[in-house]
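In: dropping a prediction and its sequence here:
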Amino acid sequence: MTGVGTHDGALERLKRDGRIVVVGASLAGLRAAETMREKGFAGSLTMIGDEPYEPYDRPPLSKQVLLGHAVADRTALPRRRAIDADWHLGVPATGLDMAARRVRLGNGDEVEYDRLLIATGVRARPWPNEEEGALEGVFVLRTRDDAEGLQRALAAGPRRVLVIGAGFTGSEIASACRERGLDVTVAERGAAPLVGALGGVIGEVAAEMHREHGVDLRTGVMVTGLEGGPAGRVRAAHLSDGSTVEADVVVVSLGAQRNTEWLAGSGLGAGPRGIACDAGCRAFDIRGIVTDDIYVAGDVARSPHALFGYQFLSLEHWGNAVAQADTAAHNMLSESSDRRPHLWVPAFWSSQFGVNIKSVGVPPMGTEILFTQGSRAERRFAAVYGYQGRVIAAVTFDQCRWLQFYEQQIETTAPFPPPFSTVDRRPEGNKPVPADFPDPSVPTHGPTITLSGYSPADRKMTFTPARH
Amino acid sequence: MTQDILREIIDYSNRADPYPLYEELRKTPVFHNGNGGPYVVSTYYEIQSLLHDPRISSDARNLKAAGDDPLGRSEEEGTTLPPSFLKLDPPDHDRLRRMTNRPFGPPHSPHRVHDMLGELGGLVSGLIEGIATTGNLDRIDLVDQFAYPFPVSVICRLLGVPREDEPRFHVWAETLAASLDPDPDADPAQHGKGAVDARMELGMYLAGLVEERRKDPGDDMLSQLATADGPDGSMTTMEVLSTSALLLIAGHETTVNLITNGMLTLLRHPEVLQRLREDPSLSVPIVEELLRYEPPVQLLPQRSTLSEIEVAGVTLPKGASLWLVLASGNRDPKRFENPDRFDPDRRDIQHLGLGSGIHSCFGAPLARQEAQLALSELARRLENPRLLEDPPPYRKNAVLRGPRHLPVACDAIRP
Ligand SMILES: Cc1cc2nc3c(=O)[nH]c(=O)nc-3n(C[C@H](O)[C@H](O)[C@H](O)COP(=O)(O)OP(=O)(O)OC[C@H]3O[C@@H](n4cnc5c(N)ncnc54)[C@H](O)[C@@H]3O)c2cc1C
């Protein structure tokens, strides 16, 4: 065995000639690999990614790329340093043998590891009806190829685009369509765009934004079916209110699913809600026991956070992928006493309809909201979310320079409502109102933060009490 | 800590090297002399967080006792101009800054600064040619002959001041700038009166220009400020005037010192100067490190608290006057390794030299561009430059700190 364990010198051996395998060659995977090399890892490093491309950046895909301002194949992630890795691109990992420390690949190869990092992220939730989803003109948006296809379809000048789901991605797509002068309808099951992520009060602001920019926004409705024309091209969509929308491009933007199926049966605590790990990024197995050689980072991970009641958080946030990758890489190469917890304060940005939206903390935990600065009517404001008398999150619309302050408020569990006055406090900022999050059991487009309770492992187990 | 440390910082005899005083100050991150003076914050993290704290106001009207404000003072005294956005809080600040930014930077004018590059290059060459033709290379004053005239010309071009009026503009700018430095030898009445006159004349001149540009707009900032009618509406003439006065004063007072401090530092670090001569692109990290090591704005003296705030264990009362000593935060060993070392190879360099938060330096992209170009060209063209006085004579001003003259000699001026 090559240098795993806690006995003397094992760590040095691992760093010198150990084998580290990273599954998921995107943001988290690349950043972790860079950090490992930076920390002096000199052994063999294998990067496994099912996409055929070198790691690239996703946020521009729903923004600059859809506007035609950037080309999808030019969004490669900048390299901070050479990582000298053995790349397996275009090949998925298909299985994991935890006992033999081996990853199985789709092409039949097997790779052995001393330490494994799983960063397989999420994928777009597809349209539930497979046949309808396969119609030409129906898109999802997660990958470079998706973005390229969609941008081409938009450039062709469709008569109408239908976006199903008004989360961040769906709203950004609608915004890009309007900027390109395309007619667009947005259908959202919830009461407003962004409600899952930011609640109904902010959702209403978002709804105004859509409508003012000429989006045909339909809320409280579901798309019940897609209809194709004779050539197998999408032609129309049927809505639960009985109406029909004629569209030749349909973008399904219903949130994400974790890429964990390849771990089924491996014994790792991986399931539809992600891979549970401890604060140090070490994965749990299905018995709730932490592993010592398997680490997780990025969108696929869910880990407990002290600031948020030790709830297990899954975050689909760029910054989280970077920070968690860094922590995982550090811990993979450290003695247990030198390990660091990943206690990043969740932070997310979006840009739509010319407005820069940022949030920190966990808005969906908030029960109340207060506009502390600026004005809701002008759509330039900072608002904080309260939970049990403390500040739990904040959101800004075109006011991001104040965000750092609100982050500190969250980190120091500052009282809510804030007892102080600030610059630019308007009358509407004097009283908290209910934040108006939908009942979490009612599905929306899928928030970018999932609070998933306390259980480290998803898989159901039969508990058989020991018999005497 | 001595009760008089603030007086010592202001004291001219410490102007050449205030850094030991800042080090002393940092021992008490929030210093207050106990008798109504300002609360002085000198450590990096505390300053950084106060710059993002919405409980802090930049509106001078919130200060009980108006503090000394060398950056903004000149534009209001003796005139009826409304305060520039430097001295306003949101939402007024945001609105004016946004409108000023429309013709200046991204997203609406992403090319403005970049497009000026050629012009900046021409100005720099012209000034260096001027030094060459005076013939006296045994004693060049880099301030009077270079660092002073350069930024004023840049502001003229930016605002669209016609070439033939530039000389008049230079005189007004110089008079106003001089009034920021109290001159103990001058007759105070005369001294002040010159500035008031200059301000009046400059204001009338700009007002005339605004009228002309409204009728016949060009591609310059003044035309666009005067005629813009965006989502925020349009600026009143008074707002255009106070904004352009701000651009003039803040834009040029700081750049002079950035360039002069820069040359002084390079002459004290000949190995870095040599590297810059061989590789002009090194000017980018050099200017960044300069903004940390010798920032032109040493402290922000005009902020106040809107609420009671706790900082580093000290409770600042509501309505307190605050000094944020940026130059001290930049040398805080808790933030930067070897903070007193000038090291252009430093990788982690998030300095406070341009401020931070909503009032962070508006002209930063232009200032950087000017300084990078000026320093790399001086390094390239001055043959064997030598410092004739070290330290050189400094300006009076403790806030906008920099040498008043920078006498150097060189062997030749390269083509
Ligand atoms: C269109 C879009 C816009 C976004 N905008 C923002 C934004 O504005 N702000 C923000 O904070 N975040 C944004 N995000 C989210 C952000 O991009 C993600 O949080 C980030 O990409 C997560 O990185 P990751 O490495 O964890 O996962 P991913 O980037 O999803 O990478 C996982 C990789 O693993 C691969 N993989 C999956 N399974 C396997 C397998 N079995 N074998 C091998 N490889 C596998 C996947 O194909 C993928 O390449 C956006 C995302 C998208 C899609």
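Out: That came in fine, so what should we check first?
In: residue A:391: how many residues sit nearby?
Out: 27 (other Cβ atoms under 10 Å in any protein chain shown). Just so you know, the C-beta spots here come from the backbone N, C-alpha and C atoms, and that holds for glycine as well.
In: beyond the strand or helix carrying it, next helix or strand please.
Out: In the assignment (DSSP states H and E), residue A:391 maps to strand A:390-397. Using DSSP H and E, the helix or strand that directly follows strand A:390-397 along the chain is helix A:403-411.
In: what's the distance between that next one and the middle of its chain?
Out: For helix A:403-411, the separation from the chain centroid amounts to 22 Å (computed by Cα atoms, centre = their mean, to the nearest Å).
In: check contacts around the residue nearest in space to the middle of chain A.
Out: By Cα atoms, centre = their mean, the mean C-alpha position of chain A lies nearest to residue A:316, the distance being 1.5 Å. Taking Cβ atoms under 8 Å, 6 or more residues apart in numbering or on different chains as the criterion, residue A:316 is in contact with A:122, A:256, A:299, A:448-449.
In: got phi/psi on residue B:310?
Out: phi -100, psi 130 (degrees, to the nearest 10).
In: residues in contact with it?
Out: residue B:316.
In: picking that back up, most neighbours of all the contacts of residue A:316, which one?
Out: Neighbour max across those (other Cβ under 10 Å) = residue A:299, 28 neighbours.
In: quick one: that residue and residue A:319 touch, right?
Out: No: contact criterion Cβ atoms under 8 Å: residue A:299 and residue A:319 do not qualify, at 11.8 Å.
In: in the strand holding residue A:391, what counts as buried?
Out: A:391-397 (16 or more other Cβ atoms under 10 Å in any protein chain shown).
In: enumerate every residue touching the closest residue to residue B:404 other than its chain neighbours.
Out: Spatial nearest neighbour of residue B:404, chain neighbours left out: residue B:395 (4.5 Å); criterion: Cβ to Cβ, 6 or more residues apart in numbering or on different chains. Going by Cβ under 8 Å, 6+ apart, residue B:395 touches B:15, B:181, B:257, B:401-404.
In: filter these down to the buried ones, ChimeraX style.
Out: Those of the contacts of residue B:395 that count as buried under 16+ other Cβ under 10 Å are selected in ChimeraX with:
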select /B:15,257,401,402,403,404
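In: narrow the contacts of residue B:395 to those in helices?
Out: Among these, DSSP state H puts residue B:257 in helices.
In: closest one of the contacts of residue B:395 to the ligand?
Out: Nearest to the ligand out of those is residue B:257 (Cβ to the nearest ligand atom; 38.9 Å).
In: how about the contacts made by residue 299?
Out: All of this refers to chain A. A:28, A:121-122, A:256, A:258, A:274, A:314-316, A:320-321.
In: that was the other one, I meant chain B.
Out: If you count contacts by Cβ under 8 Å, 6+ apart, then residue B:299 has B:323-328, B:398-399 around it.
In: count of neighbours near residue A:89?
Out: By other Cβ under 10 Å, 14 other residues sit near residue A:89.
In: show me which of the contacts of residue A:316 neighbour the ligand.
Out: Contacts with the ligand within the contacts of residue A:316, as defined by Cβ under 6 Å from any ligand atom: A:122, A:299.
In: lowest-confidence entry in the contacts of residue A:316?
Out: In terms of pLDDT, the least confident member of those is residue A:448, at 72.
In: and the nearest residue to that residue once chain neighbours are set aside, its phi and psi?
Out: Beyond its immediate neighbours in the sequence, the residue positioned closest to residue A:448 (Cβ to Cβ, 6+ apart) is residue A:316, lying 4.3 Å away. Backbone torsions of residue A:316, given as degrees, to the nearest 10, read phi -100, psi 70.
In: cool, and residue B:105?
Out: Dihedral angles (degrees, to the nearest 10) for residue B:105: phi -140, psi -180.
In: do residue B:37 as well
Out: According to degrees, to the nearest 10, residue B:37 has phi -70, psi -180.
In: okay, now it: neighbour count?
Out: 17.
In: also the one 3 residues further on?
Out: Residue B:40 sits with 23 neighbouring residues when counted by other Cβ under 10 Å.
In: low-confidence ranges in the stretch 301-450 of chain A?
Out: A:440-447 (pLDDT under 70).
In: all helices for it, in order.
Out: A:318-332, A:403-411 (DSSP state H, counting those that start in this stretch).
In: closest one to chain B among those helices?
Out: helix A:403-411 (4.3 Å; Cβ to the nearest Cβ).
In: please report how far residue B:365 lies from residue B:87.
Out: Separation of residue B:365 from residue B:87 (Cβ to Cβ, to the nearest Å): 22 Å.
In: more neighbours, these two?
Out: residue B:87 (24 against 15).
In: wait, that one sits on residue B:62?
Out: No: judged on Cβ under 8 Å, residue B:87 makes no contact with residue B:62 at a distance of 10.2 Å.
In: who does the longest strand seen in chain B pair with, and is each partner parallel or antiparallel?
Out: Criterion DSSP state E: the longest strand present in chain B is strand B:300-305. With DSSP bridges as the test, strand B:300-305 is paired with strand B:56-57 (antiparallel), strand B:321-324 (antiparallel).
In: same list (those strands) but as TSV, adding distance to the ligand and mean pLDDT.
Out: Listed next are those as TSV, based on distance: least, Cβ to the nearest ligand atom, whole Å; pLDDT from 0 to 100:
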stretch	distance to the ligand	mean pLDDT
strand B:56-57	29	96
strand B:321-324	31	95
